[in-house]
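J.: attaching a predicted model along with its sequence, questions to come.
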Amino acid sequence: MKTLINIVVMLFCITAFSQEQKVTYQKMVNDLVKATYYFADNSDVVEREGYFNKEGKLHDTWISYDLQGNKTAIATYNNGVKEGVWTYIKTDKITVVTYNKNKIIHIEEKALVVN
């Protein structure tokens, strides 16, 4: 019983100190809604942004950023389904993944060389 109480107290403490993530929504003219998610620790820095269709499914381009504002991923959805070329950007390489209806068709890694 003492262990159960300790677990409940620990979970309460964790949730009490967690921060809500700030999200803004903007209705677009083409029945899409643009969503912008901000880092929980810094509500002024964008973590990711993209679009939902009128059914509430991920749609069109989604972009993720790091804390410095650099792009870390560019993805494309079609009515909630992964489609097309997704790009994952790291400091030393770029990974390009091609999707067709949520299935990976091709993966290519490219070294990122800075002169």
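T.: The structure has been received and is ready for your questions. On a predicted model such as this, the values are computed, not experimentally measured, just so you know.
J.: how about stretch 91-105: buried residues?
T.: Within stretch 91-105, the residues that count as buried by 16 or more other C-beta atoms under 10 Å are V97, Y99. Just so you know, the C-beta spots here come from the backbone N, C-alpha and C atoms, and that holds for glycine as well.
J.: any residues touching that stretch, and which ones?
T.: Contact with stretch 91-105 is made by 76, 81-88, 106-112, as judged by C-beta atoms under 8 Å, 6 or more residues apart in numbering.
J.: may I ask which two of those are separated the most?
T.: Largest separation among the contacts of stretch 91-105 by C-beta to C-beta: V81 and A111, giving 30.3 Å.
J.: would you map the strands across this structure?
T.: 23-27, 33-38, 46-52, 58-65, 71-78, 81-82, 84-89, 93-100, 103-111 (DSSP state E).
J.: what's the distance between the last one and the middle of its chain?
T.: The reference is to strand 103-111. 19 Å (C-alpha atoms, centre = their mean, to the nearest Å).
J.: kindly calculate the angle that it makes with strand 84-89.
T.: 30 degrees (axes from the mean of the first three to the mean of the last three C-alpha atoms, to 10 degrees).
J.: rounded mean pLDDT for stretch 56-73, please.
T.: Averaged across stretch 56-73, pLDDT comes to 96.
J.: could you list the buried residues of that stretch?
T.: For stretch 56-73, the neighbour count (16+ other C-beta under 10 Å) marks L58, H59, D60, W62, S64, Y65, A73 as buried.
J.: what separation do you get for the first one and T95?
T.: Between L58 and T95 the computed distance is 20 Å (C-beta to C-beta, to the nearest Å).
J.: V81 and A111: which is more packed in?
T.: V81 (15 against 7; other C-beta atoms under 10 Å).
J.: residue contacts, that one?
T.: With contact set as C-beta under 8 Å, 6+ apart, V81 has these partners: K101, N102.
J.: what does the pLDDT read for it?
T.: So V81 comes in at 97 (pLDDT).
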